[in-house]
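Enquirer: build me a structure from this.
(chains A and B)
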Amino acid sequence: MRPEHWLYTIPLRLRSLFRRAQVEQELDDELRDHLELKIEEYVAQGMTQEEAHRNARLDLGGIEQTKEKCRDARRVNWIQDFSQDLQFGLRMLRKNPGFTAIAVLTLTLGIGATVSIFSVVDAVLLRSLPYADASRLVSLYEDRSSTGFHKRQFTPANFADCKLQKSVFSDVAAVDADRFYNLTGNGEQPERLSAEGVTHNLFSILGVQPLLGRVFLPEEDTPGSEHVVLLSHRLWQSRFGGDRNVVGQAIFLNGVKYSVVGVMPPWFAFPDKASDLWVPLAFSSQQLADRGAHFLTVVAALQPSVSVARANSELRVLSQNLRQQHMDIMRFVDSFIAVPLQEVYTHEARGGLLVLLTAVVFILLIGCANIANLLLSRAASRHQEIAVRIALGASRGRIVRQLLTEGAVIAATGGMLGILFTEASFSFLKALIPADLSRTVSLRLNLHILAFAILISFASVFLFGLIPARQGSEMSASDSLKEGGRGVAGRRNKIVGSLLVVGEVALSFVLLFASGLLLESLVKLRSLDPGFTSSRVLTAQIDVPETRYADFVRRARFFQAVLDHVRAVPGVTSAGFTSVLPFTWKNGMGGFLGMAGFQPEGILRPDIQYGALDRVVSPGYFETMQIRLLRGRFFDNQDGPYAPSVAIINQAMARKFWPDEEALGKRFQFNLVGGGFRSFQIVGIVENVRELALDETPKEEMYFPFWQAQGNYMVPGTLIVHARDDTTTLANAVRQAVWSVDPDQPVSDIMTMDDVLNREVEPRSVQARLLGGLGALALTLAYVGIYGVLAYSVSQQKHEIGIRMALGATRKDILGLVLGRGAKISLIGTGIGVISALALMRIIRSLLFGVSPTSPVMLGTAALLLTTAALSASYIPARRAMRLSPMTALRYE
Amino acid sequence: MSKPSDLVQGTLDMLLLKILALGPMNGFAVSQRLKQVSGDVLQVSDGSLYPALHKLEQEGWITSEWKTSEYGRQAKYYSLTRLGRRQLEKEADNWGRLSNAISRVIKLKEA
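Expert: The predicted model follows:
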């Protein structure tokens, strides 16, 4: 039955669709025919021509309406209607270029901003890991909460034990991150390369294939066979010119010959963007039994049926068992924990990104409210046109559809332009990507994002189109065709319009307030004293490989020689070395915090490990960084390897461990040389330095002189130079000074301390600036919204104003009337905004620094700003109203 | 005088189909014939006739073509299709059952 049915009806429908003119003509002819026949019959019955005509027409009812009903019966209308609506909509929009421009511009900004931020969210939070089956990957840490650090790196023995847990993990790999090698040879400049020692199964866990060659084989994980290397794409291009024959070539790392077995793809950057090379992590069985050295980053793939929660509980059990067996070494390990790999990179960025996303959605809502108001005012002025349509037989649904189609045209245009805007914004938004992800993640338009853009374009049509469409269609035909028939519908429009603007003002307030808080946090942060000086200070990385100097004395002599040469450079006031530059070692994947234990003598118990940050510095370090000495003395050249072991601590450490007495002169034990604990005497107390981050309180810290740090545990590889004037010309001179001591020693990462400081605050700075920009945008949109709604109401109320004037109202009264309306809208809006802001601000508490989320000063500032803008937006329409002459106002219809 | 427009729309459809089963004719002729055959009882208003015919055509139960009428002018003639004939039978059956049931109820003896 069905297929036959289609056989008849499809040609018919197609015809209705494509031969519309002809079909219309036929319908017309048919009805005309009928009329003629009816007239003939009536005449035959005895009526006159005119009577017959009239009766025939009356019988048929309205010709147009009957035609419309026939068309309805054909049921292909929705396509015809749509194309009709589309054409009409385009024509209307072209006739009102001003309106169209504002609407499209507003929507472009709203959609563009939202899609841009969503792209970043998509790239960073949703798909930042380009590995196969990334959701199964976890990173393992040792949880040592009792020392204040929750994520500590693994020891080899613990790693081996985790690997045995086959029921939980399908495979476990380890990475010895942040190794470095000096690449020499080929007659070029020596280059310091960042390398990772990895177990061979890392690549299979991540599901990564090399671009050229192969990854490591299991045999290469044994000592003796590990002199093979994988190049990063960047290194392959820069140092080897992208030569496809590089596989099999030999290169010299730290003077040892390695063979290149492969090149990795351009986006591969594990564990972070600094990785230049990968070498096998060849554990000897001795090393594998080491349960005390924490330097491994561990990545595991969960078994298919195992959840992260289950993995964590299994790990807890495992760590407790191991603790029982090795109580002495594992005393401070609370547990092992597994964290999804995705989270490891992104958890810091997540809060900020979500706040930004919320902000742009607000902007979109505000923009839609403005467009809705614009459409409302236009719908009211088209009431006559709509009335005629209704009289001609249009149903209410039809009218709503037509008005919505106009809205859809605006939305489609805004959407397309918005996507272009997004594309253009990528270069600016790159700064929002967390540094570690900047090579794996790139901002690109993809299907996700396009789908999202289309979705919100549609959503915005409904948001701004529905209300005006419904309002517009609600006018009854007779009401609207009457003269001056704005009446009830007009008043309702006014209320809806005002409500929309009140909502806009509230949203703008929240945005302004939030951006104000972030900006204030940024200012507070930048004005903090980090404990050292950063202006005119140059830093450089001089990493000396273990194998370069046969013994400690020769190595120390190298550093001393470099210091002497650098100090001799004209323009240098002081120089020094440190093992770690402030802000450069952080918590997180691959970061080594350097928390070490030491047993102080006397006051505190000798059998408990305490924690403090440890640094090895040369004489001159404190002076170069202008870190203040509070008591005692700095290190000098007398603190040599045969002199008594000394240390300098910071005030936080003094206060924490010797709270009621003078710490100067006290002793504590520390395992600096890697052969056992030695006792050191405190000879100096310095002020606190914000070592980890600007927004973290300074932790306890201890410094040791580099002449006494005989092991390779902490090598002072960072050179700090303080210049008398500007540092820009100094870089070359410093390099030359180093090369005059050893021409094969790479000097890398030369940057000023100011740069380091700026890098530290950059994410926050970008966030604050973005949010500030969005707040300004919101303010502008709200301004336009208030202006629009007041201007419209004034133009609609000219009649009423004229009457008031005639009845004795002065110009001032009229001015006050309009301004008053503007003020009322903005006050109500601000009030709602304040309440919402107070409720929502808890959420961004974690992003703030030094500012309370309910800061009354900021509330007041934002309110003042908004109210001023609102009043100035009201002023022009108010003045226009004031200037109306009563006669013209009364005459206006 | 009851007008078919008072009845359910489906009844009108059935009546039109039956009239067309008698032979191809144009819209005017259909309404005349219906009036004539039913003794002026059933009259379709012109405003409902054409939409109904167009709908029947859309469903595939009748088909139309432009023919030259006896007066030499072009007119649109509707005729029943095979599908339409089946639909007519179905609806006539339903109508029969319905009207029997109503008759039975109406003919009940009152107390």
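
Enquirer: and residue 83, what's its pLDDT?
Expert: You didn't pick a chain, so chain A it is. pLDDT for residue A:83: 80.

Enquirer: actually, chain B is the one I wanted.
Expert: Model confidence at residue B:83, given as pLDDT, is 88.

Enquirer: in a strand, it, correct?
Expert: No: counting by DSSP: H, G, I helix; E, B strand; the rest coil, residue B:83 is not part of a strand but helix.

Enquirer: not counting its neighbours along the chain, what's nearest it?
Expert: Nearest residue to residue B:83, sequence neighbours excluded (CB to CB, 6 or more residues apart in numbering or on different chains): residue B:60, at 5.2 Å. From N, CA and C alone the C-beta is placed, and that goes for glycine too.

Enquirer: next, count neighbours for the one you found.
Expert: 20 (other CB atoms under 10 Å in any protein chain shown).

Enquirer: tell me if I'm right that it and residue A:9 touch.
Expert: Yes: using CB atoms under 8 Å, residue B:60 is in contact with residue A:9, at 4.9 Å.

Enquirer: quick check on the residue nearest to residue B:83: phi, psi?
Expert: phi 90, psi 10 (degrees, to the nearest 10).

Enquirer: can you check residue A:642 too?
Expert: Backbone torsions of residue A:642, given as degrees, to the nearest 10, read phi -100, psi 0.

Enquirer: what's near enough to touch residue A:196?
Expert: A:175-179, A:270-271, A:275, A:277-279 (CB atoms under 8 Å, 6 or more residues apart in numbering or on different chains).

Enquirer: okay if I get these as JSON lines plus distance to residue A:446, pLDDT and neighbour count?
Expert: Formatted as JSON lines, those follow (distance: CB to CB, whole Å; pLDDT from 0 to 100; neighbours: other CB atoms under 10 Å in any protein chain shown):
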{"residue": "A:175", "distance to residue A:446": "29", "pLDDT": "89", "neighbour count": "26"}
{"residue": "A:176", "distance to residue A:446": "35", "pLDDT": "86", "neighbour count": "19"}
{"residue": "A:177", "distance to residue A:446": "30", "pLDDT": "79", "neighbour count": "23"}
{"residue": "A:178", "distance to residue A:446": "33", "pLDDT": "72", "neighbour count": "19"}
{"residue": "A:179", "distance to residue A:446": "35", "pLDDT": "78", "neighbour count": "21"}
{"residue": "A:270", "distance to residue A:446": "22", "pLDDT": "80", "neighbour count": "26"}
{"residue": "A:271", "distance to residue A:446": "25", "pLDDT": "77", "neighbour count": "23"}
{"residue": "A:275", "distance to residue A:446": "25", "pLDDT": "83", "neighbour count": "26"}
{"residue": "A:277", "distance to residue A:446": "31", "pLDDT": "89", "neighbour count": "23"}
{"residue": "A:278", "distance to residue A:446": "29", "pLDDT": "91", "neighbour count": "27"}
{"residue": "A:279", "distance to residue A:446": "34", "pLDDT": "90", "neighbour count": "21"}
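
Enquirer: roughly how far apart are residue A:822 and residue A:511?
Expert: Plainly put, residue A:822 is 20 Å away from residue A:511 if you go by CB to CB, to the nearest Å.

Enquirer: so which strand or helix has the residue nearest the centre of chain B?
Expert: Taking CA atoms, centre = their mean as the criterion, residue B:16 is the residue nearest the geometric centre of chain B, at 1.6 Å. In the assignment (DSSP states H and E), residue B:16 maps to helix B:9-21.

Enquirer: please apply the same query to residue A:92.
Expert: helix A:77-95.

Enquirer: just the buried positions in that helix, please.
Expert: Across helix A:77-95, burial judged by 16 or more other CB atoms under 10 Å in any protein chain shown covers A:81, A:85, A:89, A:92-93.

Enquirer: give the next helix or strand downstream of it.
Expert: Beyond helix A:77-95 toward the C-terminal end (DSSP H and E), the next one is helix A:97-121.

Enquirer: that next one vs helix A:77-95, what angle?
Expert: 110 degrees (axes from the mean of the first three to the mean of the last three CA atoms, to 10 degrees).

Enquirer: show me what helix A:97-121 is packed up against.
Expert: If contacts are counted by 3 or more CB pairs under 8 Å, 6 or more residues apart in numbering or on different chains; DSSP states H and E, helix A:97-121 sits against helix A:77-95, helix A:341-381, helix A:396-429, helix A:447-473, helix A:753-796.

Enquirer: which one of those helices lies nearest to chain B?
Expert: Chain B sits nearest to helix A:77-95 of all those, at 11.2 Å, using CB to the nearest CB.

Enquirer: so does the helix holding residue B:16 get close to chain A?
Expert: No: in terms of CB under 8 Å from any CB of the partner chain, no part of helix B:9-21 sits within range of chain A; the closest distance is 11.3 Å.

Enquirer: now that helix: how far from the chain's centre is it?
Expert: Chain-centre distance of helix B:9-21: 2 Å, with CA atoms, centre = their mean, to the nearest Å.

Enquirer: check contacts around the residue lying closest to residue A:619 once chain neighbours are set aside.
Expert: Leaving aside its chain neighbours, residue A:619 sits nearest to residue A:635 (4.6 Å; criterion: CB to CB, 6+ apart). Residue A:635 makes contacts with A:617-619, A:621-622, A:646, A:648, A:684, A:703, A:705, as judged by CB under 8 Å, 6+ apart.

Enquirer: closest one to residue A:815 out of those residues, please.
Expert: Residue A:815 lies nearest to residue A:622 out of those, by CB to CB, at 67.6 Å.

Enquirer: how about residue A:708, what does it touch?
Expert: So residue A:708 contacts A:639-641, A:643, A:645-646, A:672 (CB under 8 Å, 6+ apart).

Enquirer: what of residue A:72?
Expert: residue B:51.

Enquirer: who in chain B is up against chain A?
Expert: Counting by CB under 8 Å from any CB, chain B sits next to chain A at B:26-28, B:45-47, B:50-52, B:54-55, B:57-60, B:63, B:66, B:73-76, B:81-83.

Enquirer: from those, which land in strands?
Expert: Per DSSP state E, strands hold the following members of those: B:63, B:66, B:74-76.

Enquirer: buried among those? Need that as a selection in PyMOL.
Expert: Filtering these down to the buried ones (16+ other CB under 10 Å) takes a single PyMOL command:
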select buried, chain B and resi 63+75+76
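
Enquirer: rewinding a little: return the member of the contacts of residue A:708 nearest to residue A:352.
Expert: When the contacts of residue A:708 are compared against residue A:352 (criterion: CB to CB), the nearest one is residue A:672, at 39.1 Å.

Enquirer: buried residues in the helix holding residue B:16?
Expert: B:11-20.

Enquirer: distance to residue A:735 and pLDDT for these - can I get that in CSV?
Expert: CSV is the format used below for the buried residues of helix B:9-21 (distance: CB to CB, whole Å; pLDDT from 0 to 100):
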residue, distance to residue A:735, pLDDT
B:11, 101, 85
B:12, 99, 87
B:13, 96, 87
B:14, 100, 90
B:15, 103, 91
B:16, 99, 91
B:17, 99, 92
B:18, 105, 92
B:19, 105, 92
B:20, 101, 92
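
Enquirer: surely residue A:171 is in a strand?
Expert: Yes: applying three-state DSSP, one finds residue A:171 inside a strand.

Enquirer: low-confidence ranges, chain B, go.
Expert: Applying pLDDT under 70 to chain B picks out residues B:1-10, B:69.

Enquirer: what's the closest non-adjacent residue to residue 55?
Expert: By default, I'm working from chain A. Nearest to residue A:55 is residue A:42, by CB to CB, 6+ apart, at 5.7 Å.

Enquirer: wait, I meant chain B there
Expert: Leaving aside its chain neighbours, residue B:55 sits nearest to residue A:73 (4.0 Å; criterion: CB to CB, 6+ apart).
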